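Novice: Have a look at this prediction, sequence included:
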Amino acid sequence: MHDNLLLIDGSSLLSCCFFGNLPREYRFAKTDEEKDKYIEKLRQSPKGEFTNGVFTMMASMLKMIKNQNPTHIAVAWDLTKEFTFRKKLYSEYKGTRKDMRSELGSQFALAQKVLREMNVPEFVFKEYEADDIIGTLAKKFGRSMRVSIWTKDQDCLQLVDDNVRVWLITSKCADMYESLGINIKELNIPSGVFEFTTQYVNHFYGVDPIQIIDRKAIEGDSSDNIPGINGVGEKSVIPLLQEFETVEGIYDFIENSPEKEIKKMFKDLGILRSPLSKLVEESNEKIVGKKAALLCKQLATIKCDIEELNNITIDQLKLQIDEEGMKNIFTELGFTNLLN
C-alpha cells in the first residue's frame, strides 16, 4: 500500500458540520434572540456541552478514514484572526466577519480535546492560519507521497499539484461532476466534495493552481475582506493572467508599454471594458491600483514554510487511533453510536 497523507482543515470542517447538523427552528431563526429560544434543541453531552458540530465532524472523519485509508493524518486549526501575520499586514483583514456564537465557539476546544484523546496529530499557531499549516505540511511531504486536503476553503486550491489534490466541500459537487460528464457514483472520493486536480482548477477557475493567488489579489475576496482592485472582475482577470501569468507580469507590461499598445492588447485578449484606469489608480487616502494588488497578493498567499514545523517527521503523522481513548471520550460525550 502506498503512503498517503490526509490534511484536514479542522476549523473549516467543524464549522461545516455545525451548520449541517442544526435543528430546523434554530437553522431558520433570523435573529440572535430567536436562536436563543431554540438553543437547547442543539445536541448536547450529558454534561450539557454543545456537541452537534463535534459529533458530526467525528462521524465524517471516521467515515473518511474507513473509506479512503490514509496512512498518515493531521488536523490544522485557526486560533484567532487577531494576531496572524495577515492582520499585521492589513488591519481590516477578515474585519467584516461577525463574532462566533458561543454554541459554535465552545466546540473548537472540545473537538481538539477529542482528537487528542484519539491520538490524531493536530497543529495550531497564533501567527498562522490553518491554511498555512496545511500548505507547509503539503509542500514538506508532497514530494514523497500523495497528499489530500479536506476543506471548504477555496484558497487551498493554490496548493494543488501532481501529488496534492484538494477535496473541496461544496454543495455543488454533483452538478460540477455532471457538467464534466462524470458519474459521481463511479468515483472513489468522499461524499459532498469535489476532487480538484490541476486540470480541474484550470477548468473551473480559468487559471493554474498557483495563479489562484493572483486572481484573488485582483478580484479580492469579500469573505476575508481582501479588497482587490475595485471594478476589475473575472472577465478581465482571467485573460490577463492567461497572457501575463502573474500580477507582477501584468504591471510589468503596463509600465513598459505605451497606452495605445496596452489598450490594443486588452482588446485582443477579448476584454471589452478596459480595466487600465483601475489597475493604475493611485490615492493617498486608500489602497488602490498596483499597491492594492501587491498587498492582496501577500494576503492571499498561503505560507508554505512555517519554521515551527521544520522538525516534524512523517512518522509523527502516522495514523494510529487510540481505540481506548476514543471509546472513553465518545462515551463521556454521548457519542456511543459512533463506536459501532
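Specialist: Ah, there it is.

Novice: Now do the helices in the stretch 201-340 of the chain.
Specialist: Along the stretch 201-340 of the chain, the segments classed as helices by DSSP state H, counting those that start in this stretch run 212-219, 234-244, 247-255, 259-268, 276-279, 289-300, 323-333.

Novice: Let me have these in a markdown table, extended by distance to residue 72 and mean neighbour count.
Specialist: All C-beta atoms are positioned from the backbone trio N, CA, C, and that covers glycine. Listed next are those as a markdown table, based on distance: least, Cβ to Cβ, whole Å; neighbours: other Cβ atoms under 10 Å:
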| stretch | distance to residue 72 | mean neighbour count |
| --- | --- | --- |
| helix 212-219 | 25 | 24 |
| helix 234-244 | 34 | 19 |
| helix 247-255 | 35 | 17 |
| helix 259-268 | 47 | 14 |
| helix 276-279 | 44 | 17 |
| helix 289-300 | 28 | 20 |
| helix 323-333 | 18 | 16 |
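
Novice: could the ones you listed be laid out in JSON lines, adding distance to residue 168?
Specialist: JSON lines is the format used below for those (distance: least, Cβ to Cβ, whole Å):
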{"stretch": "helix 212-219", "distance to residue 168": "12"}
{"stretch": "helix 234-244", "distance to residue 168": "18"}
{"stretch": "helix 247-255", "distance to residue 168": "24"}
{"stretch": "helix 259-268", "distance to residue 168": "32"}
{"stretch": "helix 276-279", "distance to residue 168": "30"}
{"stretch": "helix 289-300", "distance to residue 168": "17"}
{"stretch": "helix 323-333", "distance to residue 168": "28"}
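
Novice: closest one to residue 17 among these?
Specialist: Ranking these by their distance to residue 17 (criterion: Cβ to Cβ) puts helix 323-333 first, at 14.1 Å.

Novice: Please enumerate residues in contact with that closest one?
Specialist: 45-47, 49, 51, 54-55, 58, 110, 113-114, 117-119, 335-336, 338-339 (Cβ atoms under 8 Å, 6 or more residues apart in numbering).

Novice: tell me, how many neighbours does residue 89 end up with?
Specialist: For residue 89, the count of nearby residues is 12 (other Cβ atoms under 10 Å).

Novice: How about it, nearest residue that isn't a chain neighbour?
Specialist: Leaving out its chain neighbours, the residue that sits closest to residue 89 by Cβ to Cβ, 6 or more residues apart in numbering is residue 298, at 5.9 Å.

Novice: Give me the pLDDT value at the one you found.
Specialist: pLDDT, residue 298: 97.

Novice: Over to the one 3 residues further on?
Specialist: The model reports residue 301 with a pLDDT of 97.

Novice: list the contacts for it?
Specialist: Contacts of residue 301 (Cβ under 8 Å, 6+ apart): 158, 213.

Novice: quick one, phi psi at it?
Specialist: Dihedral pair for residue 301: phi -80, psi 120, per degrees, to the nearest 10.

Novice: what's the distance between it and residue 290?
Specialist: Using Cβ to Cβ, to the nearest Å, one gets 17 Å for the distance from residue 301 to residue 290.
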